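> Build me a model:
(2 chains)
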Amino acid sequence: MKKIEAVIKPFKLEEVKEELQAMGITGMTVTEVKGFGRQKGHREIYRGAEYEVDFVPKVKLEIVVPAEMTDRVVEAIIKSARTGKIGDGKIFILPLEDVIRIRTGESGKEAI
Amino acid sequence: MISSGDTAWMLISTALVMLMTPGLALFYGGLVRSKNVLGTMMQSFICLGIVSIIWVLYGYSLAFGGDINGLIGTLQWAGLKGVGLEPGPYSDKIPHLLFCAFQLMFAIITPALITGAFAERMKFSAYILFIILWSTFVYLPVCHWVWGGGWLGKLGALDFAGGTVIHLNSGIAALTAAIIIGKRKGFHTSPFYPHNITMTVLGASLLWFGWFGFNAGSALASNGTAVLAFFTTQIATGTASLSWVITERIIRGKPTMLGAASGAVAGLVAITPAAGFVGSTAAIIIGFFAGIICYLGILAKERLGYDDSLDVVAIHGAGGLWGALATGLLASFGGTGLLFGNPHQLSVQVIGAVSAMAYSGIVTSIILLGVKHTIGLRVSEEEEIQGLDVSLHGEAGYSIR
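Okay, the predicted model is just below:
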């Protein structure tokens, strides 16, 4: 099993979700996050004072999949989240030891 | 002979001016960080209590009751003895007590204006002591000089609704205060975002609304002068809002809502001394330069490096000074300015502005240094970082997370 974490542009969330649902992904966790990468932040001006805002708002998705689905899911995220401009985000793939469904106690792939 | 029309208008005007102080609380409250919103609003709101009591006990009397050498009133009306429902010496059309109430609202908002200069770092106890002393030793004398039969009024200084008494006075006090209390922790190293500009816009709007009472009410009657003051207030304020936004668009690239709200206040300040003395075109000129001058005043602050947190000096000091001088240039109703052939008026305006600034600056310094070396002005470093709301008032502005 793998855990896929993708940090994407917030306005792309709906498209990514629909793409993943269409390929049979049954669940995900979404968090609003802030961070910085190569994309620069922006300037905000309040009266005379100028502030460089370094942290850009992003959305982080966490999806758990059977190992064999990883490539397809990654492709789907790239396809739906890409704008081609700087700041499209990143995908991280992590090995996952186990998953347990709290209600039934099922574990492993059954619990995804 | 009391006029019911004048009395009705002055009752409404008095209530309008009262609303400006909570409006100011919102205006300032939105500009600070969320951990200081209540502490900041409280500084304005508490004036409604403290100054009211001062006014009854001795304030109204020292400002308006009698005269000692043109400098201060007497205690003849202390406790409002003799100030009743019959007309008084300042208007024969409204009850004396109503004039007293109207003037009270001005005395309340003036110290509240200064609070923007030391926002986010002053002890509440020190603040209370400061406004009692400041109202007594700065506001009452300057108010007497201009309106209470004092030397500036006799000299012929034109100040329709309080440009010198209120705005220049509080603006200079603010400069003094910002310097004496010192910068906020993290000034120019960490960002100080205004936490709720929508609140600031609401506050500016209430100030604009209330200011019709402030300026048009200063006619003390429901008459043509009131209409003129009402109209010039609107025109100058709208123009200043626009000219501020245009200036910042040229200098910094973006037209901001905060700029539009700040420009409106700058325009209100500048038209205050002139409102009943100038025509509509003059109001456009006053407003236009008010927006530009006050915005440039803020940029100057950034260079000079003092932490006038909410820009009282630039808006009320610079705007008040421009208004006082503009009145000397452009007056054409009930007074004549330089451009209408009376250069003497401009020199009187300069004398008025300079003496109010000098007096306010010196006495405010003495008061603040006195408070600093007795009970202290600032909260502790820990309290400042935690925020005034929790550390001074034991409450939080926002509990929904």
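> Residue 87: neighbouring residues, count only.
Picking chain A for this. For A:G87, the tally of surrounding residues (other CB atoms under 10 Å in any protein chain shown) stands at 14. Using the backbone N, CA and C atoms, a C-beta is placed for each residue, glycine as well.
> think we crossed wires, I meant chain B
For B:P87, the count of nearby residues is 18 (other CB under 10 Å).
> quick one, what contacts it?
B:P87 makes contacts with B:M1, B:I2, B:K93, B:I94, B:P95, B:H96, as judged by CB atoms under 8 Å, 6 or more residues apart in numbering or on different chains.
> Quick check on the nearest residue to the last one once chain neighbours are set aside: phi, psi?
Just to be clear, that refers to B:H96. Leaving out its chain neighbours, the residue that sits closest to B:H96 by CB to CB, 6 or more residues apart in numbering or on different chains is B:G88, at 2.9 Å. Phi and psi for B:G88, reported as degrees, to the nearest 10, are phi -110, psi -170.
> list the contacts for B:G88?
With CB under 8 Å, 6+ apart, B:G88 has these contacts: B:P95, B:H96, B:F99, B:C100.
> Run through who's touching the strand ranked longest in chain A.
Using DSSP state E to define each element, chain A has its longest strand at strand A:56-65. Residues from elsewhere that reach strand A:56-65 (CB under 8 Å, 6+ apart): A:1-10, A:12-13, A:16, A:20, A:25, A:27-36, A:39, A:41-42, A:73, A:77, A:87, A:89, A:96, A:99, A:112.
> now do 7 Å
A:1-10, A:13, A:16, A:20, A:25, A:28-36, A:39, A:41, A:73, A:87, A:89, A:96, A:99, A:112 (CB atoms under 7 Å, 6 or more residues apart in numbering or on different chains).
> Restricted to buried residues, select these in PyMOL.
Applying 16 or more other CB atoms under 10 Å in any protein chain shown to those leaves a buried subset, and the PyMOL line that selects it is:
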select buried, chain A and resi 1+2+3+4+6+7+8+9+13+16+20+25+28+73+89+112
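> if I look at the residue nearest to B:H96, how far off is B:C100?
Here B:G88 is placed at a distance of 8 Å from B:C100 (CB to CB, to the nearest Å).
> Residue 104: neighbouring residues, count only.
I'll assume chain A. By other CB under 10 Å, neighbour count at A:T104 equals 9.
> if you could check chain B rather than the one you did, that'd help
Using other CB under 10 Å, B:L104 is surrounded by 21 other residues.
> ok, now the one 5 residues further on?
Residue neighbour count, defined by other CB under 10 Å, stands at 24 for B:I109.
> The contacts of B:P87 in helices, which ones?
Judged by DSSP state H, the contacts of B:P87 include B:H96 as members of helices.
> Let's see if you can find the most crowded of the contacts of B:P87.
For the contacts of B:P87, neighbours were counted using other CB under 10 Å, and B:I94 has the most, 27 neighbours in all.
> what about A:H42, neighbour count?
So A:H42, with other CB under 10 Å, has 10 neighbours.
> Same question for the lengthiest helix in chain B: list its buried residues.
Ordering each helix of chain B by length in residues (DSSP H) puts helix B:343-374 first. In terms of neighbour count (16+ other CB under 10 Å), helix B:343-374 has its buried residues at B:345-346, B:348-349, B:352-353, B:355-357, B:359-361, B:363-364, B:367-368, B:371-372.
> Pull the contacting residues for B:L80.
Contact partners of B:L80, counting by CB under 7 Å, 6+ apart, are B:V56, B:Y60, B:C100.
> Contacts for the least confident helix or strand in chain A by mean pLDDT next, please.
Least confident helix or strand, chain A: strand A:49-53 with a mean of 82, by mean pLDDT, DSSP states H and E. Outside strand A:49-53, the residues within contact range by CB under 7 Å, 6+ apart are A:G41, A:H42, A:R43, A:E44, B:P191, B:Y193, B:E302.
> what's the helix or strand containing B:I284 packed up against?
Using DSSP states H and E, B:I284 sits within helix B:280-304. On a contact count with 3 or more CB pairs under 7 Å, 6 or more residues apart in numbering or on different chains; DSSP states H and E, helix B:280-304 meets helix B:224-252, helix B:257-271, helix B:319-330.
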